[in-house]
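Chemist: This is a predicted model, with the sequence first.
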Amino acid sequence: MNNFKNLRGTVDLLPDQLIKWQNVEKIIIQQLFRSSVKEIRTPILEMTELFMRGIGEGTDVVSKEMYTFLDRGERSCTLRPEGTASVARALIQHGISTRPSQKLWYMGPMFRYERPQAGRQRQFHQLGVEFVGYESVSSDIEIITLAWDILQKLGIKELNLEINTLGDHIDRSNFQKAFLNWLEVNKNSLDLDSQRRIDKNPLRILDTKNVQTKKILKGAPRLFDFLSEKSLERYLIIKEKLKILKIPFIENFNLVRGLDYYTHTAFEITSGTLGSQATVCGGGRYDSLMSQMGGAETPAIGFAIGLERLIILCGSELEETRETDIYIVNKGRHAEILAMELSRKLRNFDLIAELDLSGASFSKQFKKANKLKSKSIVVIGDDEAVKNEFVIRLFNNDNSENKEETISIEDNINLEKWIKSNLILDKNL
Ligand code: HAM
């Protein structure tokens, strides 16, 4: 018999781990809701061409990391490596890319064939946010603030926000000419990986982790010096506004991001706690993506947070779940059906009600309720069931006699009274 295992770089998220994920997702979604950002869901599978055109053929993501295959109709399909290109496609396709402006979010699995290591998987999850149709500097600030505030809301400390500007296409092509000339002269001093990038994606060389190359790059031309007056002014205003909002940042002129669509603002949020895969959030402006993909000129900016890395950074208080409110112990043919009826009624009161389905002895069922740390317990035997009633009481409570009550299944008024005086309910469940 074959023992099946999950594929390398993919992970099973088990129920106990998912408590933290669900708590984190809930906080994120609430924060997005408060910021008037609406959800969008696009397919996980897209035409390969979308990412080649959207992300850029010279990028590592497209040239080395995509899960691409021919479907049964011989179409080249790709499991999405990121969400921005898909959102752009969807907006163009549905004719809503330019008007009205859209503030959108998505959450879900992405796929990149990378070498798995701590914080890096082949199937991973992102929360992405895209502001489409927004040009103002304020929208850059709002996007960075949103990313920052989500991380703050989750209680994550010691984060570093790094910002840079990539200018517009003209700034970049002017820089690229000068940089290529410099690379020609200095090629042999660079590491092999950087040498390979000269033809494919020279800008990415700036992002190298190779210590020797980093040193040599200090003598290279800087993109910053090729910015037009307009691009420079935009960048300076962003810095000024971040300072006013007291969002600490550092400038990193080598921050170029791994996807080709960026213009002007680029930013990343990192944490030293994450080790070598330190970036928890990356984003930036992409004013040309929509037009490159066949849509109208549409300014846009966004970011994505890697959820696996985020979960590592979040504290253990988010691993806690709400206890069971009521455990329903029941035994006997009549008792079972009454218990079932009661469990549905209790859930309509927004309670977490767990129905014991085992048919085991009362004592075994009590033990289970104890193990679950249920706040209260309902006991129904056939004697109670015949009378259409049940006993409800607080569990493990010294004064349980005072709190115990026998209630008829039809008596909603007394049931509600008992619940309100004995259980504190979390309406946000
Ligand atoms: P990205 O920088 O490629 O940007 O990815 C964003 C985040 O996803 C990274 O900072 C990291 O936390 C997480 N991530 C990426 N690859 C992996 C992996 N293999 N395993 C675990 N986590 C990973 C984008 O994807 C852009 N679409 C962001 C964006 C949105 N820019 C504008 N709008």
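Modeler: Okay, I see it.

Chemist: pLDDT at the closest residue to the ligand within the stretch 101-250 of the chain, what is it?
Modeler: The shortest separation between the stretch 101-250 of the chain and the ligand is 3.4 Å, found at residue 124 (distances taken as C-beta to the nearest ligand atom). C-betas here are computed from N, CA, C, even on glycine. We note a pLDDT of 98 for residue 124 in this prediction.

Chemist: what residues does the stretch 1-150 of the chain put near the ligand?
Modeler: 82-84, 112, 114, 120-121, 124, 126, 128, 130 (C-beta under 6 Å from any ligand atom).

Chemist: Where does the residue nearest to residue 119 when sequence neighbours are not counted sit, in terms of helix or strand?
Modeler: Residue nearest to residue 119 in three dimensions, not counting chain neighbours: residue 277, with 3.3 Å by C-beta to C-beta, 6 or more residues apart in numbering. No secondary structure element spans residue 277, as it lies outside all helices and strands (assigned by DSSP states H and E).

Chemist: how about residue 277, what does it touch?
Modeler: Shown here is residue 277, whose contacts under the criterion C-beta atoms under 8 Å, 6 or more residues apart in numbering are 117-120, 309.

Chemist: Quick check on those: which are buried?
Modeler: 119-120, 309 (16 or more other C-beta atoms under 10 Å).

Chemist: before we move on, the earlier item: okay, and which of the contacts of residue 277 map to strands?
Modeler: Where the contacts of residue 277 are compared with strands, as defined by DSSP state E, there is no overlap at all.

Chemist: could you point out where the protein is predicted with low confidence?
Modeler: Counting by pLDDT under 70, the low-confidence segments of the chain come to 1, 396-402, 425-429.

Chemist: for it, longest helix please?
Modeler: Using DSSP state H to assign secondary structure, the helix with the most residues in the chain is helix 15-34.

Chemist: Other residues contacting the strand or helix carrying residue 152?
Modeler: Per DSSP H and E: residue 152 is located in helix 137-153. Contacts to helix 137-153, defined as C-beta under 8 Å, 6+ apart, come from residues 27-28, 31-32, 35, 37, 127, 129, 131, 159, 161, 163, 234, 237-238, 241-242, 245, 247, 264-265, 267, 269, 280-281, 283, 285, 301-303, 305, 310, 313.

Chemist: Likewise for stretch 191-201?
Modeler: Counting contacts by C-beta under 8 Å, 6+ apart, the residues outside stretch 191-201 that touch it are 56, 58-60, 63, 180, 183, 187, 204-205, 208, 210, 212-213, 260.

Chemist: Write the PyMOL selection for whichever of these are buried.
Modeler: Applying 16+ other C-beta under 10 Å to the contacts of stretch 191-201, the buried members can be selected in PyMOL as follows:
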select buried, resi 56+59+60+183+204+205+208+213+260
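
Chemist: how about residue 299, phi and psi?
Modeler: In terms of degrees, to the nearest 10, the main-chain angles of residue 299 are phi -70, psi 150.

Chemist: so what's it up against?
Modeler: Under the criterion of C-beta under 8 Å, 6+ apart, the contact partners of residue 299 comprise 133-135, 285, 287.

Chemist: what's the closest non-adjacent residue to whatever residue of the stretch 151-300 of the chain ends up closest to the ligand?
Modeler: Checking the stretch 151-300 of the chain residue by residue against the ligand with C-beta to the nearest ligand atom singles out residue 282 as nearest, at 3.0 Å. Taking C-beta to C-beta, 6+ apart as the measure, residue 282 lies nearest to residue 268, with 4.7 Å between them; neighbours along the chain are not counted.

Chemist: Does the one you found touch residue 255 like I think?
Modeler: Yes. When contacts are counted by C-beta atoms under 8 Å, residue 268 is listed as touching residue 255 (6.1 Å).

Chemist: Out of the buried ones among the contacts of residue 277, which sit inside helices?
Modeler: For those, the ones inside helices are residue 309, with DSSP H as the criterion.

Chemist: Using a markdown table, lay out the buried ones among the contacts of residue 277 together with distance to residue 152.
Modeler: Below are the buried ones among the contacts of residue 277 laid out as a markdown table (distance: C-beta to C-beta, whole Å):
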| residue | distance to residue 152 |
| --- | --- |
| 119 | 21 |
| 120 | 25 |
| 309 | 16 |
